[in-house]
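A.B. asks: Sequence and predicted structure, then a few things I'm wondering about:
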Amino acid sequence: MSQTILIETNEDLQKIYSLNLNTFVGTDVIHRSNADDAIALLKILPQVGLVITQSKVGAEDTAVNIHKFIKSEGLATNLIILGESSSLASEVLCLQQPVSWEVLIKQAAQHLGVSLQDAMNKVKPDFLPVGVFYFYDITKTPCDVYIRIKKSPNEYQYVKRIHSKDIFDKTDIKKYEDQGLKEFFIPKDYVQYFTTFVTNNLVQKLEREDLGMEERILTTANAHEIVRESIQSIGFDEASVELSDASINSMVRSVKDSPQVGELLKMLFSNKIAYAYQHCHLLALMCHYVLSKQSWYKPEHLETLSFVSFFSDVTLKSSLQMQVSTMLDLSESNLTDEEKRQVMTHAKDAVALLENHPDANDYIKTVLLQSHGKLDGVGIEDNPGEDLHPLSKVFVVADAFVKILLNPSLPSTKKDILPILATRFTNPSYQKIIKALEQKFQ
């Protein structure tokens, strides 16, 4: 089996790339953190066939340093760069971010001398990982479920933990999670069946009329996480479209019937809901409140802004990226250059993803593209102008409000947050939106 060194700092992408490189290209993937670590391994294992690396890790010119070593040692090792590298573009394949796993395995197969047809015909591993959160809203599974135990540096043992006939609840799953477990493993032949089973259960639950408010929010939050993971892995398919539609409808319902903001915040934080959904739900709630004060408001406006709220951060990989609200936030963050680039383009990238969602009309795409104050979806406009769509203006102000509210180092009361917004958004229509937020809301 060939060997490939992978340098990818995002854990989610690291898992996706590694799984598919091993599955379809049949290469043994070895993870390294930076150029020095990779070079140290190449000195021991000069027969490594391929290095796949981010262009830069932090301030380090990772790809350049590795390329220099390969050249100086006369190694036959191939190199693929994830992202731009102007100095190497004429010599080395540079894949434009974001890099889909399909594109990566195609190029890796070519670099390792494996035909694409051979690569796609490779036998999948016996077990494939699924996140623990897939089990939160089901009480049984259509197949046996395993955990993976490391027996040696290169060997794992799969141990059955849930039988197909077992009945369990979220408390049982939480016990595994509290022990540090992040994923279970499913037999390869059952993965699609399992995913469909979970999706159907979630959709049925979200469509229930008798679902209590807290349970509805918890279930929608879990569905949001599953949709995000699915889209980042394989894009939109029938299951993710169905689940996202049910989730958005559920969120609209809970926003309309929402408890007082203080009670809602307690609910969102006490249940350890991921930042992605905390932001998403509160954003839809604030949009709803502002819309309800507008003379031109129509019910479909809430549906549009809820849809945009649900997908606005879908291409971002970490909560640190999602917390960025201004260009100053971005420049002062500890994000890598590539992570910053993802933040700068994520509105445009989200619109591109939604090309494959049947309910994403031009109206929704326009608001999503302008969701950070830029007409072209690239960058963050700290004080956007009057040329944005009216719904985009509502979204931009609500987004800034929620990000301040969720930041523990910033003011947490409406009285203190609104002056910050008034200073930032100086144009007349934005000041009117801020005035709407001054009014009492529950």
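C.D. replies: Yes, it's here.

A.B. asks: Show me what secondary structure element comes after the lowest-mean-pLDDT helix or strand in the chain.
C.D. replies: In the chain, no helix or strand scores lower on mean pLDDT, DSSP states H and E than helix 116-120, which sits at a mean of 55. Sequence-wise, the next helix or strand beyond helix 116-120 is strand 127-131, with elements assigned using DSSP states H and E.

A.B. asks: for the chain, what spans make up the strands?
C.D. replies: Along the chain, the segments classed as strands by DSSP state E run 2-7, 27-31, 50-54, 78-82, 93-95, 127-131, 145-152, 155-162, 183-187.

A.B. asks: count of neighbours near Asn249?
C.D. replies: Other residues lying near Asn249 total 16 when counted by other Cβ atoms under 10 Å. C-betas here are computed from N, CA, C, even on glycine.

A.B. asks: I'd guessed it sits against Leu206; true?
C.D. replies: Yes: in this structure, Asn249 sits in contact with Leu206. The criterion is Cβ atoms under 8 Å, and the distance is 7.2 Å.

A.B. asks: ok, now how distant is the nearest residue to Gly58 once chain neighbours are set aside from Leu82?
C.D. replies: Taking Cβ to Cβ, 6 or more residues apart in numbering, and ignoring the residues beside it in sequence, Gly58 has Thr336 as its nearest neighbour in space, at 5.7 Å. Thr336 is 11 Å from Leu82, where distance means Cβ to Cβ, to the nearest Å.

A.B. asks: Looking at per-residue confidence, what score does the nearest residue to Leu128 once chain neighbours are set aside get?
C.D. replies: Taking Cβ to Cβ, 6+ apart, and ignoring the residues beside it in sequence, Leu128 has Val191 as its nearest neighbour in space, at 5.1 Å. The score at Val191 is 81. That number is its pLDDT.

A.B. asks: Verify the stated contact: Val191 with Pro129.
C.D. replies: No: Val191 is not in contact with Pro129 according to Cβ under 8 Å; the separation is 9.6 Å.

A.B. asks: How is the chain partitioned into domains?
C.D. replies: Each structural domain of the chain that the record assigns through automatic domain parsing is listed here as a residue range: 2-120, 126-206, 212-438.

A.B. asks: how far out from the middle of the chain is the longest one?
C.D. replies: In this case it means domain 212-438. Per Cα atoms, centre = their mean, to the nearest Å, the displacement of domain 212-438 from the mean C-alpha position of its chain is 14 Å.

A.B. asks: can you give me the end-to-end distance of that domain?
C.D. replies: Taking Cα to Cα, to the nearest Å, domain 212-438 runs 30 Å from one end to the other.

A.B. asks: again with stretch 203-210
C.D. replies: Using Cα to Cα, the gap from the first to the last residue of stretch 203-210 comes to 14 Å.

A.B. asks: do stretch 162-172 as well
C.D. replies: Terminal residues of stretch 162-172 lie 10 Å apart, using Cα to Cα.

A.B. asks: pLDDT value on the nearest residue to Phe127 once chain neighbours are set aside, please?
C.D. replies: For Phe127, the nearest residue in space outside its immediate sequence neighbours is Phe185; the separation is 4.0 Å by Cβ to Cβ, 6+ apart. With respect to pLDDT, Phe185 scores 91.

A.B. asks: residues near Phe185, how many?
C.D. replies: 22.

A.B. asks: residues touching Ala108, list them.
C.D. replies: Thr4, Leu21, Val25, Thr27, Leu50, Ile52, Ile80 (Cβ atoms under 8 Å, 6 or more residues apart in numbering).

A.B. asks: and of those, the nearest to Lys140?
C.D. replies: Lys140 has its nearest neighbour among the contacts of Ala108 in Leu21, at 33.1 Å by Cβ to Cβ.

A.B. asks: What distance do you get for that closest one to Asp245?
C.D. replies: For Leu21, the distance to Asp245 - Cβ to Cβ - is 33 Å.

A.B. asks: any idea of the pLDDT on Glu155?
C.D. replies: With respect to pLDDT, Glu155 scores 70.

A.B. asks: Could you check how far it is from Glu355?
C.D. replies: Noted for Glu155: a distance of 43 Å to Glu355, by Cβ to Cβ.

A.B. asks: Likewise for Pro187?
C.D. replies: Between Pro187 and Glu355 the computed distance is 34 Å (Cβ to Cβ).

A.B. asks: who's more crowded, those two?
C.D. replies: Each of Pro187 and Glu355 has its neighbours counted (other Cβ under 10 Å); Pro187 has more, 16 against 10.

A.B. asks: which residues touch that one?
C.D. replies: In this structure, Pro187 makes contact with Asp126, Phe127, Cys143, Asp144, Tyr146, judged by Cβ under 8 Å, 6+ apart.

A.B. asks: Could you pick out the buried ones from the residues you listed?
C.D. replies: Those of those that meet the buried threshold are Phe127, Cys143, Asp144, Tyr146, by 16 or more other Cβ atoms under 10 Å.

A.B. asks: so where's the stretch 251-400 of the chain uncertain?
C.D. replies: Low-confidence segments of the stretch 251-400 of the chain, defined by pLDDT under 70: none present.

A.B. asks: mind listing the helices in it by residue range?
C.D. replies: For the stretch 251-400 of the chain, helices defined by DSSP state H, counting those that start in this stretch occupy the ranges 261-270, 275-292, 299-311, 319-322, 327-332, 337-353, 362-369, 390-406.

A.B. asks: Mind listing what's buried along stretch 431-442?
C.D. replies: Burial within stretch 431-442, assessed by neighbour count using 16+ other Cβ under 10 Å, is assigned to Ile433, Ile434, Ala436, Leu437, Phe441.

A.B. asks: From the residues you listed, pick the one nearest Asn222.
C.D. replies: Nearest to Asn222 among the buried residues of stretch 431-442 is Phe441, at 26.8 Å by Cβ to Cβ.

A.B. asks: picking that back up, okay, Leu21 and Asp245: which has more neighbours?
C.D. replies: For Leu21 versus Asp245, the count of surrounding residues by other Cβ under 10 Å is larger for Leu21: 25 against 18.
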